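K.L.:
Here's my sequence, what's the structure:
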Amino acid sequence: TRKLPATYAIFCGRTDRQVEIRGRWKKNRAGKIVHVYIDVEQLYDDAAVASTLCLGEPVKYVLKDGIQISDAWFFENVIPLIRARYIRDVRFCRVMGLGLLYACLKDDIMVPDNIRNRVKAAYQQLGLSEEQPVKKVL
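P.N.:
The predicted model follows:
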């Protein structure tokens with residue numbers, strides 16, 4: 001549900017305003033929703049709440065030095081449905097593809113078996129000697 005992230009963020013010290021800023025129902029300044037989207041503090045609040053919702057801490061995933069895997073391979077083999085939905089957002093798809101590849105190749109992270117098996121099989125076909133081509137940057 002949507003309540004868990006909001007409740008968790010508030011328990012972690014975020015204000016109601018920070019948690020609710022993305023809500024479409026929120027109105028201010030003569031009831032015009034546009035003012036929520038042009039609020040200069042929104043980017044900070046979004047980042048603050050997003051970092052709170054990253055259990056542990058926020059991370060970034062990158063390919064290890066010397067590993068060559070194309071975006072086309074990620075889009076076709078790792079995140080085909082995400083890519084189909086967000087076809088114009090290459091950067092978002094790259095971020096999601098790297099994170100999911102990392103998770104699929106690390107057995108202690110929960111990933112549905114059908115996705116893990118599909119991604120592992122496609123990765124093995126690349127013939128790379130590296131067991132984990134993605135590194136986690138804190």
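
K.L.:
Low-confidence ranges, the protein, go.
P.N.:
Segments of the chain classed as low confidence (criterion: pLDDT under 70) are 1-4, 20-47, 49, 53, 55.

K.L.:
Any idea which residue is closest to the centre of it?
P.N.:
For the chain, the residue nearest the mean C-alpha position is M96 (5.4 Å; Cα atoms, centre = their mean).

K.L.:
List the backbone torsions phi and psi for that residue.
P.N.:
Note on M96: its backbone torsions stand at phi -70, psi -40 [degrees, to the nearest 10].

K.L.:
do F11 as well
P.N.:
As for F11, its main-chain torsions (degrees, to the nearest 10) stand at phi -60, psi -30.

K.L.:
separation between it and K64?
P.N.:
36 Å (Cβ to Cβ, to the nearest Å). Heads up, the C-betas are built off the backbone N, CA and C, glycines and all.

K.L.:
V78 too?
P.N.:
As judged by Cβ to Cβ, V78 and K64 stand 16 Å apart.

K.L.:
Who has more neighbours out of the two?
P.N.:
The residue with more neighbours, out of V78 and K64, is V78; 23 against 10, by other Cβ atoms under 10 Å.

K.L.:
for that one, what are its contacts?
P.N.:
Going by Cβ atoms under 8 Å, 6 or more residues apart in numbering, V78 touches G97, L100, L101, C104, V119, A122.

K.L.:
Show me the strands in this protein, by range?
P.N.:
For the chain, applying DSSP state E gives strands covering 60-63, 134-137.

K.L.:
The residue nearest to the centre of the chain touches I79, doesn't it?
P.N.:
Yes: applying Cβ atoms under 8 Å as the test, M96 and I79 come out as touching, 5.3 Å apart.
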